[in-house]
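> Below are the sequence and a predicted model; questions follow.
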Amino acid sequence: MTVPAAPSAPGGRRPAGPRKPETAAPARTGQGRRLPRTLHPVAWWIWALSLATAVSRTTNPLLLGLVLAVLALVVTERRTDAPWAKGFTYYLWLALGVIAIRVVFRCVFATGITPADHIMFSLPHIPTPHWYAGIQLGGPVSLEATLSAAIDGLRLACLLCCIGAANTLANPKRALRVLPGALYELGVAVTVSMSVAPQLVESVQRVARARRLRADRARGMRALRSILIPVLEDALERSLYLAAAMDSRGYGRSGTATRGARRTTAALMLAGMLGLCTGVYGLLDGTTPRALGLPAMLGGALLCCAGLAVGGRRVRRTSYRPDPWRAPEWAVALCGCATAAVLFLTVGYSAADLNPSLYPLRWPSLPWLPAVAVLLAGTAAFTAPPPARTGGPAAAGGPQAGTTTDTPSEALL
Amino acid sequence: MIRFDQVSVCYDGTDRPVLRDVDLTVEEGELCLVVGRTGAGKSTLLGTINGLVPHFTGGTLAGRVTVDGRDTALHPPRELADVVGVVGQDPLAGFVTDTVEEELAYAMEQLAIPPDVMRKRVEETLDLLGLADLRHRALSELSGGQQQRVAIGSVLTAHPRVLVLDEPTSALDPTAAEEVLAAVTRLVHDLGVTVVLAEHRLERVVQYADRVVHLTGDGTVTDALPADAFRTASVAPPVVDLGRLAGWDPLPLSVRDARRAAVPLRKRLEGRPAPPARAGGAAAGPLLSARGVVVRYGDVVAVREVSLDLRAGEVTALMGRNGSGKSSLLWALHGAGPRQAGTVRFTDDGAAPGAAPAERAPAPLRGRPGRLLRGHRAEADVGRRRIGLVPQTPTDLLYLETVGAELAQARRESDGRPGLDPRGLLDRFAPGIPDGVHPRDLSEGQKLSLVLAIQLTSAPSVVLLDEPTRGLDYQAKQQLIRIIDDLAAEGRSVVISTHDVEFVAAGADRVVVMAEGDVVADGPTAGVIVASPSFAPQTAKILAPLPYLTVAQVADALAAAGSAR
């Protein structure tokens, strides 16, 4: 066994490059133990959704910019080389599009301009008919209105980027796999439809090509029919075949639930969902009474969990190479939650700093506590283990066979 | 292991039972080959083993099927998943997940096998079937043979005692089929898995079988040792046909055994001129001339500057691996598929039946792949009138509810030109199909005949068939050869792309072999295929160095010898 003779570097040596997972492992404890692996997808989703919740509380452009910077850092540091991990750019373009559309609309449909506004320029005014009097087309464009549109757009863009980051960092399919047993069928349906879609496209192309062999030059409905019917027949045959294959491989092997159990599950889930929706609305909309938010959400979540537990009891199934939930998962999920909590509680800083006014027009101040909270979310870039780069998209599995074999010492960072 | 006790199966809406009073026992560790003509009930018999028939398909099953002591009447297919593994014809359509490793684990997840056991079994199965390099690959990227091996592996991980394979190689090229069958025989010999296998191309598997179950066609089943069963079976590979003709006993089932038994036969045939493999007349002048045809899809060159002359009255077989450019060349010749460079033109002498006065556009057409330009469409129309193409999936062309409506539509499509009557053509190819039947209810051979009749309505002088032998049994292939001979005798030029060497030996005058978009061999059938180890038909392998290709040839030679004596 070789022990490095060099003096141990203070201040936390960065783990070895992802291509050499073995070098850091032997004869080292603590920080050296960080094997490259993918983080549990749920941890990334909790982190991203918490950040999105935080974003929805503020219109401070400085904070929003900070959130974008944090997202960019974490995505570049911790995404894998799988195909679905290359999508963050598209989310950024989408976000830019959202901002642009909001600004352009606000300029063209010039509304809410007060006499005190700074007018930047004027668009030609287009007279609208009298029955359409409520809407004004063109006219003066004020700095305040444009800024407010841009900031609104920026907030929406940040929300989009949060979702995009979650999709980039966590394999969407693996995220489906952690669905509770009662929702397993839903996950299967999504997976199957994702693999069937390309087959359907191929089928349409093949039939369209074959159609050229016949002289039928019908257009419109008749042409549609000559393509649609072979494709649908093909798809139907294929789905029957797939159903037979799944049946003979043990799908749906679980015992059947009793009528009573099914009804209980349905009632619990419905009530829970209702509670969750009310709770989310209460939490996100600051004007609703506080009593509506958290209690309704907690109650709804509790009911949902009970429903899933009752529904999942009949399911007997294991999952292959499940993602472990260890300290890094806790760290990532908790730092996300902490950010959301700080921005939600508005303790220790003025609530006005979160939503700075545009009247009078001045540079917004950066409240230090929320800023630190957003930066805290950024630590996910270092608390999460480096991603494994073993090749194909299925490399998402952790190096461990199962969660049950975890030893306590492994739970260290 | 598997017991059938007075089993009868009758589907809803029919009076005639598919299976009648079947008594059958398959012992542990046997490779049991199920043979019979198309529609004789092979798939039904296999389906009853894991309860898909009747739990999934409907119908009524009388009697009792027990597998490893479990009665399929009481256990639906999913409850038998740990005892019986089923693999079908189309592996891609049966996949549930999207990567190799997850697919292998899927059945175990359903059976609630603990994660550590699962991991171990996946690794073992990856090695057993030689899939370790592919473990992270997406299933849709794999070749056909690899996909079928993954499909076998995905049921093997559940450690079933019985493996049921329903024509596992019917969609594969010969190499991929060898790959899959090699894996299957290894399972039988090394692991002692009981395998029940249905297969069309018997020449590949008959030598490995321990027992042959023969479906006679009227619902009854006989089972016997292979050498006994093939004395009377309605379907048989060429090696068995030759053995029957020569009266060998015991009946050889492999080329090796047959070659040893064939020494006296070779002596008898030596020194005699071999009769021609095909009775067809000599080919007339050239009909279609293709020069420098290029087909590319993006960076992939499917056809690389191929030049080809087709002669009237000649049957040409186009052979080569999957993906070697056979289909692309056929579509480019027809004009409906993309063609980036090169010319295809008729060397028009007016003798071709139904020849259109219009000359094909001589200028090389440069268009984007897959895009049909306006000039290209006009060209395709001319092409359609003079060239008929039957695609790989003939049903893509069928979209009406009845055979009668399809035929009427074909008549309408011939634009009032003096074409042939599609009904007459269909009756010639496959007599007795009533007008009211839905095209999807026809057998594979009948569907092929229907599409061929539709495509021949405009009396094309060149007929292209893209893999027509898929899913056809020996009799249906014989019939297809007769149809093709008729077409050639009328002065048409026929091109068939196929993997089936026995079909080529009996049905083609000329063989063109393609590899990576190039033509690597082009010549008379006997010259091209006898010399090749992978393309030689069984008769040629048994009687080498004598130049015999088919059993019919040997029969003719023996008859001539008998009359001369």
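Ah, there it is.
> need the contact list for the residue most central in space within chain A.
Nearest to the mean C-alpha position of chain A, counting by Cα atoms, centre = their mean, stands A:I163 at 3.1 Å. A:I163 sits next to A:48, A:52, A:91 when contact means Cβ atoms under 8 Å, 6 or more residues apart in numbering or on different chains. To be clear about C-beta, it is placed using only N, CA and C from the backbone, and glycine gets the same treatment.
> Please settle this for me: is the first one part of a helix?
Spelled out, it's A:A48. Yes - under DSSP: H, G, I helix; E, B strand; the rest coil, A:A48 sits within a helix.
> Please identify the helix or strand for the residue lying closest to it once chain neighbours are set aside.
Distances taken as Cβ to Cβ, 6 or more residues apart in numbering or on different chains put A:A166 closest to A:A48, at 3.6 Å, once the chain neighbours are dropped. Taking DSSP states H and E as the criterion, A:A166 maps to helix A:143-169.
> Can you name the next helix or strand after that helix?
Criterion used, DSSP H and E; the element after helix A:143-169 is helix A:172-177.
> list the buried ones in that following helix?
Along helix A:172-177, these residues count as buried under the neighbour rule (16 or more other Cβ atoms under 10 Å in any protein chain shown): A:173-177.
> B:E305 contacts B:G292, doesn't it?
Yes - with contacts counted by Cβ atoms under 8 Å, B:E305 reaches B:G292, the gap being 4.8 Å.
> Could you chop chain B up by domain?
What automatic domain parsing lists as the domains of chain B is B:2-234, B:237-271+B:533-565, B:286-525.
> Okay, now the longest one: how far is its last residue from its first?
What it means is domain B:286-525. By Cα to Cα, to the nearest Å, the extent of domain B:286-525 from end to end equals 18 Å.
> average pLDDT for that domain?
What domain B:286-525 shows for mean pLDDT is 81.
> Do any residues in that domain lie close to chain A?
Yes - Domain B:286-525 lies within reach of chain A by Cβ under 8 Å from any Cβ of the partner chain, at B:331, B:334, B:336-337, B:372, B:380-381, B:384, B:388-389, B:391, B:393, B:395-399, B:409-410, B:413-415, B:440, B:454-455, B:458.
> any idea how far A:S193 lies from A:V201?
Separation of A:S193 from A:V201 (Cβ to Cβ, to the nearest Å): 13 Å.
> Tell me which stretches of the stretch 151-300 of chain B form strands.
Secondary structure of the stretch 151-300 of chain B by DSSP state E, counting those that start in this stretch: the strands cover B:162-166, B:194-198, B:211-215, B:221-224, B:286-297, B:300-311.
> JSON lines for the ones you listed, including mean neighbour count?
Listed next are the strands of the stretch 151-300 of chain B as JSON lines, based on neighbours: other Cβ atoms under 10 Å in any protein chain shown:
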{"stretch": "strand B:162-166", "mean neighbour count": "24"}
{"stretch": "strand B:194-198", "mean neighbour count": "24"}
{"stretch": "strand B:211-215", "mean neighbour count": "22"}
{"stretch": "strand B:221-224", "mean neighbour count": "18"}
{"stretch": "strand B:286-297", "mean neighbour count": "18"}
{"stretch": "strand B:300-311", "mean neighbour count": "19"}
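> As TSV, those with distance to A:P230 would be great.
Formatted as TSV, the strands of the stretch 151-300 of chain B follow (distance: least, Cβ to Cβ, whole Å):
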stretch	distance to A:P230
strand B:162-166	24
strand B:194-198	27
strand B:211-215	31
strand B:221-224	35
strand B:286-297	23
strand B:300-311	24
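> Tell me which of these sits nearest to A:S142.
strand B:286-297 (54.6 Å; Cβ to Cβ).
> packing partners for that closest one?
When contacts are defined as 3 or more Cβ pairs under 8 Å, 6 or more residues apart in numbering or on different chains; DSSP states H and E, strand B:286-297 packs onto strand B:300-311, helix B:326-334, strand B:341-346.
> who does the first one pair up with?
Read that as strand B:300-311. strand B:286-297 (antiparallel) (DSSP bridges).
> angle of the partner strand against helix B:326-334?
With axes from the mean of the first three to the mean of the last three Cα atoms, to 10 degrees as the basis, strand B:286-297 and helix B:326-334 are set at 120 degrees to each other.
> neighbouring contacts of strand B:286-297?
B:301-312, B:325, B:328-329, B:331-333, B:337-347, B:352, B:364, B:369-370, B:387, B:461-462, B:493, B:517.
> hang on, isn't A:V190 packed against A:L179?
No - under the criterion of Cβ under 8 Å, A:V190 makes no contact with A:L179, lying 9.5 Å away.
> quick one: which of these two has more around it?
Using other Cβ atoms under 10 Å in any protein chain shown as the criterion, A:V190 and A:L179 rank with A:L179 on top: 17 against 13.
> what residues does the helix or strand of chain A with the lowest mean pLDDT touch?
The weakest-scoring helix or strand in chain A, judged by mean pLDDT, DSSP states H and E, is helix A:172-177 (a mean of 76). Contacts of helix A:172-177 with the rest of the structure, by Cβ under 8 Å, 6+ apart, involve A:38, A:41-42, A:45, A:84, A:187, A:190-191, A:194, A:319, A:322-323, A:396, B:98.
> Quick one: those residues as TSV, columns for pLDDT and distance to B:V195 too.
Formatted as TSV, these follow (pLDDT from 0 to 100; distance: Cβ to Cβ, whole Å):
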residue	pLDDT	distance to B:V195
A:T38	85	39
A:P41	89	40
A:V42	90	42
A:W45	92	45
A:W84	75	39
A:G187	78	33
A:V190	80	35
A:T191	76	30
A:M194	75	33
A:S319	82	30
A:P322	82	33
A:D323	83	37
A:A396	37	35
B:D98	79	28
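> Quick check on these: which are buried?
Buried, going by 16+ other Cβ under 10 Å: A:38, A:41-42, A:45, A:84, A:187, A:191, A:319, A:322-323, A:396, B:98, out of those.
> pretty sure B:V86 belongs to a strand, no?
Yes - judged by three-state DSSP, B:V86 forms part of a strand.
> For the least confident helix or strand of chain A, what is the distance to the chain centroid?
For helix A:172-177, the distance from its own C-alpha centre to the chain's C-alpha centre is 12 Å (Cα atoms, centre = their mean, to the nearest Å).
> Pull the number of nearby residues for residue 68.
Since no chain was named, I'll use chain A. Neighbour tally, A:L68, other Cβ under 10 Å: 19.
> my question was about chain B
The burial count for B:D68: 16, using other Cβ under 10 Å.
> What segments of the stretch 301-450 of chain B are helices?
B:326-334, B:374-386, B:403-413, B:422-429, B:444-456 (DSSP state H, counting those that start in this stretch).
> Geometric centre of chain B: which residue is closest?
B:R470 (2.6 Å).
> Can you tell me the closest non-neighbouring residue to that residue?
Per Cβ to Cβ, 6+ apart, closest to B:R470 is B:S170, 6.5 Å.
> Taking the stretch 1-150 of chain A, what residue is nearest to chain B?
In the stretch 1-150 of chain A, no residue comes nearer to chain B than A:P83, which is 9.3 Å away by Cβ to the nearest Cβ.
> just to revisit the earlier point, generate JSON lines for the helices of the stretch 301-450 of chain B, with mean neighbour count as supplementary columns.
Formatted as JSON lines, these follow (neighbours: other Cβ under 10 Å):
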{"stretch": "helix B:326-334", "mean neighbour count": "25"}
{"stretch": "helix B:374-386", "mean neighbour count": "18"}
{"stretch": "helix B:403-413", "mean neighbour count": "19"}
{"stretch": "helix B:422-429", "mean neighbour count": "19"}
{"stretch": "helix B:444-456", "mean neighbour count": "24"}
